[in-house]
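A.B. asks: Quick one, fold the following:
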Amino acid sequence: MTLFDGIRHKKHERFYRIRGKLLRSLSHILLQFRLLFRWILFSVVLGAVMGLIGAAFVHCIHAGTQLRHTHPWILLTLPLGGLLIVWLYRVTHNHNDKGTNMVIASIRSEAELPVQMAPLIFISTVITHFCGGSAGREGAALQLGGSIGSIFGHALKLRDRDKRILILAGMSAAFSAIFRTPIAAAIFAMEVGCIGTMQYAALVPCAIASLTASHIAQQLGQPLAHFNVTAFPELTAVVGAKLLLLGILCAVLSICFCTLLHRTEHLLEHHFRNPYLRIVVTAGILLLFGFLVQSGDYYGIGEGIIQNAIAGKTVWYAFLLKMLFTAVTIGGGFKGGEIVPSFFIGATFGCLFGQLAGVSPSLCAAVGMMGIFCGVTNCPVATLFIGAELFGMESVPYCLLVIAVSYLLSGYYGLYATQKFATSKFADAPVHHGTKQ
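C.D. replies: Below is the predicted model:
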């Protein structure tokens, strides 16, 4: 072989090597585009379905709530509504239902979601709100979305890891359709399962499903969630110090709320082992509470009270009564979520703090909502996005301060027992056991 032949041979080798790399890169790009198109298709369909279901869910809750406000005697049906809920779960063999905890566990493939979870939580939450139980709707949204996402995954015969992504996308879509915070909804589903890690593989499906569901809900008359904060004081050192104190108090209050929820549930289960008896006793306690306080403000969602708090008006004991009403409602077996009650508690407590501390009660109600929400869910990133969507970008610096402090000091307490922690809140180190206190 001549020198010229050797040079030509090396050029050919280099050419084929470069061509091989280009072909592999092109093949990889085409594979990623195929994956993208598949997730777009699945997410749009799932988001559209959840938009329809979410809009129907909100409409049913609003209709039931309005009917109860028009006819206050409907509160007396609480025992009957409770019995119906227990019977529905018993007759469908879901009497050991773990609710949102089961959905979070399914993200890590530790539990299978039953097909009947979606219709059960839909019907039972509407019954709870119609009869006057003190609960929210976003916790139910996570169960609705997770269940529908799981059904989609089974129907499409997806691998377990892809099915878990659809569960997250379903959770995002349902949260977005029902609460109308589409950006936060996409982040919350990825963040809530394991704190310290974000499941970025689900980012495209969660984002598309969330935005699609939000659009469908808007077309069906569900407006974007928004509150008007009346005043944003200059963020001086004094105001910052007072907000730091509010963040500390929000952390303490979130721990108290989570502890009260779990202890009340255990207490009622221990003393009233029969679920039918337990829910009747629970309904009686709620009716007694309402009679003693001579107010219906603490039944149902309490959106009007949240609006008043953001406007700077509240009574000093509102947050305490909401904690009590919600703990008994959820602990006794009625269905719904704990998220909106946490907003109620945060808004009324924050408003009270603002009145006492001499800082805008409206602003303190807004950041108090975010402080309590972060403390009970341990999701600071999603909480910040919720604050931006609910109160506007001007609120972000104030929210950030309170959220950061509340996240740190709330420790490993939370609403969901199956929620795990990948990293410590207090040091750059893993949490060895990965579970809450």
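A.B. asks: For the nearest residue to Cys374 once chain neighbours are set aside, the count of nearby residues, please.
C.D. replies: Excluding the flanking residues, the one nearest Cys374 by CB to CB, 6 or more residues apart in numbering is Thr383, at 4.1 Å. C-betas here are computed from N, CA, C, even on glycine. Other residues near Thr383 number 28, with proximity taken as other CB atoms under 10 Å.
A.B. asks: Against Gly99, how distant is Thr383?
C.D. replies: Separation of Thr383 from Gly99 (CB to CB, to the nearest Å) stands at 21 Å.
A.B. asks: circling back: contacts only, for the residue nearest to Cys374.
C.D. replies: By CB atoms under 8 Å, 6 or more residues apart in numbering, the contact list for Thr383 reads 184, 370, 373-374, 377, 399, 403.
A.B. asks: Mind telling me what element it is part of?
C.D. replies: helix 380-391 (DSSP states H and E).
A.B. asks: which other helices and strands contact the particular helix or strand that has Gly146 in it?
C.D. replies: Taking DSSP H and E as the criterion, Gly146 maps to helix 138-155. Helix 138-155 sits against helix 3-70, helix 100-107, helix 117-131, helix 160-179, helix 339-357, with contacts defined as 3 or more CB pairs under 8 Å, 6 or more residues apart in numbering; DSSP states H and E.
A.B. asks: so is Val359 in a helix, a strand, or just coil?
C.D. replies: Under the three-state scheme (DSSP: H, G, I helix; E, B strand; the rest coil), Val359 adopts coil.
A.B. asks: Touching, it and Leu244? I think so.
C.D. replies: No - using CB atoms under 8 Å, Val359 is not in contact with Leu244; the gap is 11.6 Å.
A.B. asks: All the helices of the stretch 301-437 of the chain, residue numbers only.
C.D. replies: For the stretch 301-437 of the chain, the helices defined by DSSP state H, counting those that start in this stretch cover 303-310, 318-332, 339-357, 361-377, 380-391, 396-409.
A.B. asks: how about these in CSV, adding mean pLDDT and distance to Leu260?
C.D. replies: Listed next are those as CSV, based on pLDDT from 0 to 100; distance: least, CB to CB, whole Å:
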stretch, mean pLDDT, distance to Leu260
helix 303-310, 92, 19
helix 318-332, 95, 5
helix 339-357, 95, 11
helix 361-377, 96, 11
helix 380-391, 95, 21
helix 396-409, 96, 17
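A.B. asks: Of all those helices, which one comes closest to Ile40?
C.D. replies: Taking CB to CB, helix 380-391 is the member of these nearest to Ile40, at 22.3 Å.
A.B. asks: mind checking how far the helix holding Gly146 is from the chain centre?
C.D. replies: Distance of helix 138-155 from the chain centroid (CA atoms, centre = their mean, to the nearest Å) equals 13 Å.
A.B. asks: Can you show me the CA trace of it as PDB?
C.D. replies: Extracted in PDB, the C-alpha atoms of helix 138-155 (Å, rounded to 0.1, in the frame of the first residue of the first chain):
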ATOM      1  CA  GLU A 138     -58.300  20.000  45.300                       C
ATOM      2  CA  GLY A 139     -57.400  16.900  47.300                       C
ATOM      3  CA  ALA A 140     -60.200  15.200  45.600                       C
ATOM      4  CA  ALA A 141     -58.900  16.600  42.300                       C
ATOM      5  CA  LEU A 142     -55.600  14.700  42.800                       C
ATOM      6  CA  GLN A 143     -57.500  11.500  43.400                       C
ATOM      7  CA  LEU A 144     -59.700  12.100  40.300                       C
ATOM      8  CA  GLY A 145     -56.800  13.000  38.100                       C
ATOM      9  CA  GLY A 146     -54.500  10.200  39.300                       C
ATOM     10  CA  SER A 147     -57.300   7.600  38.900                       C
ATOM     11  CA  ILE A 148     -58.200   8.800  35.400                       C
ATOM     12  CA  GLY A 149     -54.500   8.900  34.400                       C
ATOM     13  CA  SER A 150     -54.000   5.300  35.700                       C
ATOM     14  CA  ILE A 151     -57.100   4.200  33.600                       C
ATOM     15  CA  PHE A 152     -55.500   5.800  30.500                       C
ATOM     16  CA  GLY A 153     -52.200   4.000  31.200                       C
ATOM     17  CA  HIS A 154     -54.000   0.600  31.500                       C
ATOM     18  CA  ALA A 155     -56.100   1.200  28.400                       C
END
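A.B. asks: Give me the angle between it and helix 361-377.
C.D. replies: Here helix 138-155 runs at 50 degrees with respect to helix 361-377, directions being taken by axes from the mean of the first three to the mean of the last three CA atoms, to 10 degrees.
A.B. asks: Just the angle for helix 138-155 relative to helix 160-179, thanks.
C.D. replies: Using the same axes, to 10 degrees: helix 138-155 against helix 160-179 is 140 degrees.
A.B. asks: Pull out the buried residues from helix 138-155.
C.D. replies: Across helix 138-155, burial judged by 16 or more other CB atoms under 10 Å covers 138-153.
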